[in-house]
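A.B. asks: I'll drop the sequence and a predicted model, then ask my questions.
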Amino acid sequence: DVKVTQSSRYLVKRTGEKVFLECVQDMDHENMFWYRQDPGLGLRLIYFSYDVKMKEKGDIPEGYSVSREKKERFSLILESASTNQTSMYLCASSSRREGPADTQYFGPGTRLTVL
Amino acid sequence: GQNIDQPTEMTATEGAIVQINCTYQTSGFNGLFWYQQHAGEAPTFLSYNVLDGLEEKGRFSSFLSRSKGYSYLLLKELQMKDSASYLCAVREIPGSSNTGKLIFGQGTTLQVKP
């Protein structure tokens, strides 16, 4: 079974703080993704990575950065958290070698609240 | 532009059949996915269609018509545990990376009643 884990289920931070969200997958997947999920807006892609040290912007990258130093780990960084970044953050991973057609498998999510 | 439409909410009765529709307009198409998401949990993969037609997997089936930009998820013999959100997602054709991005609809919340 594919296993994607995220460092925290719930996180509360203050405006202006630097926030790190960590995601780890144990299936040697080459692709990893960060989404945020908000009511009425669905899942929106923030950034993704298709190899170590490689990254591409998604649809809403503003206010975020990412880091992928090792294949199994993909970090999302909020340089200076703001209240409009309060959301559910979901990490996913995929591989062309796993599942039908490069299916993305999701972690349990981190619910971040910025006060 | 990119647009994926699903109904926001649906209600059905235990034991019945329900069809959740998804229409899409995207700049490129490389497959359509359906995910199930229970409240407070991660989305889990249900089905994938890339060619026209019906894919059946147990109680769940998914249909695709690429010419119409249309898909549906069919759930048979509904059970209470099927109460969840169902997410339709279209994958774009890969650019410089080896994988295309997924564009998600807002999701359809299905409530199954006794």
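C.D. replies: Happy to help now that I have it. Numbering: from 1, shown residues only, chains lettered A, B, ... in the order given.
A.B. asks: where in chain A is pLDDT low?
C.D. replies: Judged by pLDDT under 70, chain A has its weakly predicted residues at A:1-2, A:99-100.
A.B. asks: Now the residue most central in space within chain A: which helix or strand?
C.D. replies: Nearest to the geometric centre of chain A sits residue A:34, at 2.7 Å (Cα atoms, centre = their mean). Of the helices and strands defined by DSSP states H and E, residue A:34 is found in strand A:31-38.
A.B. asks: and that strand with chain B, contact?
C.D. replies: Yes. Applying Cβ under 8 Å from any Cβ of the partner chain, one finds strand A:31-38 in contact with chain B at A:31, A:33. Every residue, glycine included, has its C-beta placed from N, CA and C.
A.B. asks: in chain B, which spans are strands?
C.D. replies: If DSSP state E is used as the criterion, the strands of chain B fall at B:3-5, B:9-13, B:18-25, B:32-37, B:44-49, B:53-57, B:60-65, B:70-75, B:84-91, B:102-104, B:108-113.
A.B. asks: Please disregard the earlier target; I meant chain A.
C.D. replies: With DSSP E as the definition, chain A shows strands at residue ranges A:4-6, A:10-13, A:19-25, A:31-38, A:42-51, A:54-57, A:64-70, A:73-78, A:87-94, A:105-106, A:110-114.
A.B. asks: and residue B:59, which of those is closest to it?
C.D. replies: Relative to residue B:59, the nearest member of the strands of chain A by Cβ to Cβ is strand A:105-106, separated by 21.5 Å.
A.B. asks: And for that closest one, what's in contact with it?
C.D. replies: Defining contact as Cβ atoms under 8 Å, 6 or more residues apart in numbering or on different chains, one finds that strand A:105-106 is touched by A:2, A:4, A:25, A:27, A:29, A:90-94, A:98-99, B:35, B:42-45.
A.B. asks: can you give me the offset of it from its chain's centre?
C.D. replies: Shown here is strand A:105-106, whose average C-alpha point lies 11 Å from the average C-alpha point of the whole chain (Cα atoms, centre = their mean, to the nearest Å).
A.B. asks: Buried ones in stretch B:86-96, by neighbour count?
C.D. replies: Within stretch B:86-96, the residues that qualify as buried are B:86-92, counting by 16 or more other Cβ atoms under 10 Å in any protein chain shown.
A.B. asks: oh sorry, the question was meant for stretch B:62-77
C.D. replies: Using 16+ other Cβ under 10 Å as the test for burial, stretch B:62-77 gives B:62-64, B:69, B:71-73, B:75.
A.B. asks: I'd like to know which of the contacts of strand A:105-106 are buried.
C.D. replies: Neighbour-count burial (16+ other Cβ under 10 Å) applied to those gives A:2, A:4, A:25, A:27, A:29, A:90-94, A:98, B:35, B:42-43, B:45.
A.B. asks: Contact partners for residue A:109?
C.D. replies: Taking Cβ under 8 Å, 6+ apart as the criterion, residue A:109 is in contact with A:6, A:9, A:37, A:88-90, B:41-42.
A.B. asks: Kindly recompute the last result at 7 Å.
C.D. replies: Taking Cβ atoms under 7 Å, 6 or more residues apart in numbering or on different chains, we find residue A:109 in contact with A:6, A:88-90, B:42.
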